[in-house]
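Trainee: One predicted model, sequence on top.
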Amino acid sequence: MQKSWESSIFYSLIVERFCFGGHDISIRESFDSYGALVWPGAVALCSYLEANHKHVSLLDKAVLELGAGTGLVSIVACLMGAWVTATDMPGILDNLNFNLSRNTQGRCRYTPQVAQLIWGEVLDNTFPSSIYNYDYILCADVVYYHHCLDDLLFTMKHFCKRGTTLLWANKIRFPSDLNFIENFKKAFNTTLLVELPDEMVQIYQATAKE
Ligand SMILES: C[S@@+](CC[C@H](N)C(=O)[O-])C[C@H]1O[C@@H](n2cnc3c(N)ncnc32)[C@H](O)[C@@H]1O
């Protein structure tokens, strides 16, 4: 019997294409969460890494990405020769894993890892500093309208120890973003690396205060 009408819930999937460092990258996106879309900070950070690959060499470096979303930044870091761990909240990890696998398999020195990391949550148990040390922490558009900014800064401080460089790219959208920047500057030694006034995107480098 033919059904006249059947309700269905579906998320439309889109594929976005990028090229960084001569590598074609395809990213599966969807509209069901913030983490399923590529944000401007990610594109800006990838462009920065591509343009500055001699100055910021990720070859054989241990890299952690916070709030990796679709994984574009982690993929570019991986294609640049880094050993990457891409992290996010549980609901984001399947698509993140999918994008990382499809873009890095057979193209990278190291297989990227995907891990759950909720900012501020039990980091001393899940990522103890005595074991987990990273050369670079990468963050793109992790500051927007949400209530986890204190947890985010706590997490950045947990990982950005002596010898670690944190690169944070963000589109400035809300007054709370400016508060976060002030707290970020108090917490770390910071340098504004890039400012794109038209896009309202900034990229900061941060290192631990002695
Ligand atoms: C605006 S999206 C940016 C995604 C990606 N970095 C980009 O620029 O395309 C913010 C990301 O932060 C993640 N996020 C938000 N709150 C979080 C939290 N409390 N702990 C861990 N990740 C979180 C979201 O799941 C999402 O993937």
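Mentor: Arrived safely.
Trainee: quick one: the strands in this protein?
Mentor: 13-20, 23-30, 62-66, 83-88, 113-116, 136-140, 165-171, 188-196, 201-208 (DSSP state E).
Trainee: Mind checking if the last one is in reach of the ligand?
Mentor: No: judged by C-beta under 6 Å from any ligand atom, strand 201-208 makes no contact with the ligand; its nearest approach is 10.5 Å. C-beta coordinates here come from the backbone N, C-alpha and C atoms, glycine included.
Trainee: what's that strand in contact with?
Mentor: 40-41, 44-45, 48, 156-157, 160-162, 164-172, 181, 184, 187-196 (C-beta atoms under 8 Å, 6 or more residues apart in numbering).
Trainee: Let me see the backbone angles for the residue positioned nearest the centre of the chain.
Mentor: Nearest residue to the geometric centre of the chain (C-alpha atoms, centre = their mean): residue 68, 3.5 Å. Main-chain torsions, residue 68, degrees, to the nearest 10: phi -70, psi -20.
Trainee: Quick check: the spatially closest residue to it that is not a sequence neighbour vs residue 206, distance?
Mentor: Nearest residue to residue 68 in three dimensions, chain neighbours excluded: residue 86, at 3.9 Å (C-beta to C-beta, 6 or more residues apart in numbering). Distance, residue 86 to residue 206, by C-beta to C-beta, to the nearest Å: 20 Å.
Trainee: so residue 46 touches residue 74, yeah?
Mentor: No: using C-beta atoms under 8 Å, residue 46 makes no contact with residue 74, being 10.1 Å away.
Trainee: higher neighbour count, those two?
Mentor: Under the criterion of other C-beta atoms under 10 Å, the comparison of residue 46 against residue 74 puts residue 74 first, with 31 against 26.
Trainee: does the nearest residue to that one once chain neighbours are set aside have beta-bridge partners, and which?
Mentor: Distance criterion C-beta to C-beta, 6+ apart; nearest residue to residue 74, sequence neighbours excluded, is residue 86 at 3.8 Å. With DSSP bridges as the criterion, residue 86 is bridged to residue 65, residue 114.
Trainee: got the contact list for residue 86?
Mentor: 65, 68, 71, 74, 96, 100, 112-115.
Trainee: before we move on, what about residue 193?
Mentor: 48, 167, 203-205.
Trainee: most surrounded residue in those residues?
Mentor: Highest neighbour count within those, by other C-beta under 10 Å: residue 167, with 24 neighbours.
Trainee: Any idea what it is bridged to?
Mentor: residue 138, residue 205.
Trainee: Return the distance of it relative to residue 77.
Mentor: Using C-beta to C-beta, residue 167 is found at 10 Å from residue 77.
Trainee: Give me the common contacts of those two.
Mentor: Here residue 167 and residue 77 have 136, 138 as joint contacts, going by C-beta under 8 Å, 6+ apart.
Trainee: give the contact list for residue 167.
Mentor: 45, 48, 56, 136-139, 193, 203-206.
Trainee: actually residue 176, not the one I typed
Mentor: 145, 149.
Trainee: mind checking pLDDT for it?
Mentor: The score at residue 176 is 84. That number is its pLDDT.
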